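> Okay, here's the prediction I keep looking at, along with the sequence it came from:
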Amino acid sequence: MIRQQLIRISRRWQTWIALLIGLAMIVIQAMTISKANTNFINSAYVHLTGFDYTGMGSRSYFVILPLLSALAAGSTNSEDKKQRFLSMQLSRETPQKYLADINLSAFIAGGLLGIIPLILEGCYYFSKYSLRPLPKHYELSPIASNGWGAGLFFSHPFLFWLLCLLIIFVFSGLFSLIATASAAFRIPYGMEIVIPFLISIASSLARDLTGFEGLSIPSIITPTFSNNYRSTFPSLFIYPALILLGVILVDHWRVHHDLL
């Protein structure tokens with residue numbers, strides 16, 4: 001079932017639209033990055049989306065990431081209901097098994113959509129510029145020397161990049177899960193893909209009102225911004241735990257109230 005769901009998701013037009021938008025953000029990053037920063041030192045890491053802090057891509061990519069992640073698989077459950085595929089599927093397996101398959105495939109698809117553009121970008125810059133670590137006290141370093149990932153970045157920057165991809169994969173997958181869980185509520189078809197984006201925007205508004213940077217989801221998953229504030233590190237664990245708990249509770253509720 002999971003394999004079939006992933007094949008189904010890969011063939012949806014929404015998946016390809018999300019991927020194209022993600023790639024467009026990478027191109028925007030390359031076009032708007034400050035040349036003074038990137039030409040000052042031969043390093044791939046000062047170019048990357050999420051590492052560089054001057055280009056529009058670093059700011060835009062992580063703002064729209066919840067929308068892109070949810071676009072591919074977030075509406076599959078609602079689509080199953082609309083096309084009456086759900087009743088046929090539930091005649092062959094339990095609701096718990098159906099939800100587990102839908103959620104896992106949505107998590108994988110959303111996670112991959114979040115990192116594929118970044119991986120392609122990395123492949124380009126890693127083939128063109130140096131992969132050597134930056135000097136620890138380099139003034140234009142994309143990662144602050146007192147950030148939570150500074151130790152790894154200044155010693156093994158490529159491993160730090162992989163760690164950042166893992167974090168983005170997890171959050172992107174969770175955005176997709178939020179969308180699938182939203183199908184439990186009576187909202188217009190297609191609206192579920194907007195819910196993760198609205199939650200992310202609300203977290204940024206909460207940050208603006210309180211001044212607590214750890215509340216903003218876009219900030220905590222953007223490597224350069226995340227490492228500028230100590231309050232962001234605990235949020236990398238708190239938000240995934242809360243989202244996963246929320247999805248589990250919603251799925252438990254709709255199974256036991258026959259809301260599939």
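Received it, and whenever you're ready, just let me know what you need. Numbering: from 1, shown residues only.

> Correct me if wrong: A179 contacts I195.
Yes. Using C-beta atoms under 8 Å, A179 is in contact with I195, at 6.0 Å. In this view, the C-beta of every residue, glycine as well, is placed from N, C-alpha and C.

> So between the two, which is more surrounded?
Each of A179 and I195 has its neighbours counted (other C-beta atoms under 10 Å); A179 has more, 30 against 21.

> For the spatially closest residue to the more buried one that is not a sequence neighbour, give me its contacts.
Leaving aside its chain neighbours, A179 sits nearest to G74 (2.6 Å; criterion: C-beta to C-beta, 6 or more residues apart in numbering). Applying C-beta atoms under 8 Å, 6 or more residues apart in numbering, one finds that G74 lies in contact with A106, G110, F175, S176, I178, A179, T180, S182, E192, I193, P196.

> separation between G74 and A44?
As judged by C-beta to C-beta, to the nearest Å, G74 and A44 stand 33 Å apart.

> cool, C123 as well?
Look at C123 and A44: by C-beta to C-beta, they are 10 Å apart.

> Who has more neighbours out of the two?
Legend: neighbour count by other C-beta under 10 Å for C123 and A44, higher for A44 (22 against 10).

> right, and the secondary structure at F40 would be what?
Of the three states, F40 takes coil under DSSP: H, G, I helix; E, B strand; the rest coil.

> what residue lies at the spatial centre of this protein?
Taking C-alpha atoms, centre = their mean, the centroid of the chain lies closest to S172, which sits 2.8 Å from it.

> What confidence value was assigned to that one?
Note for S172: predicted pLDDT of 97.

> who touches it in this structure?
Counted by C-beta under 8 Å, 6+ apart, S172 has contacts L65, L68, S69, G110, G111, L112, L113, G114, I115.

> Spatially nearest residue to it (excluding sequence neighbours)?
Closest residue to S172 apart from its sequence neighbours, by C-beta to C-beta, 6+ apart: G114 at 2.7 Å.
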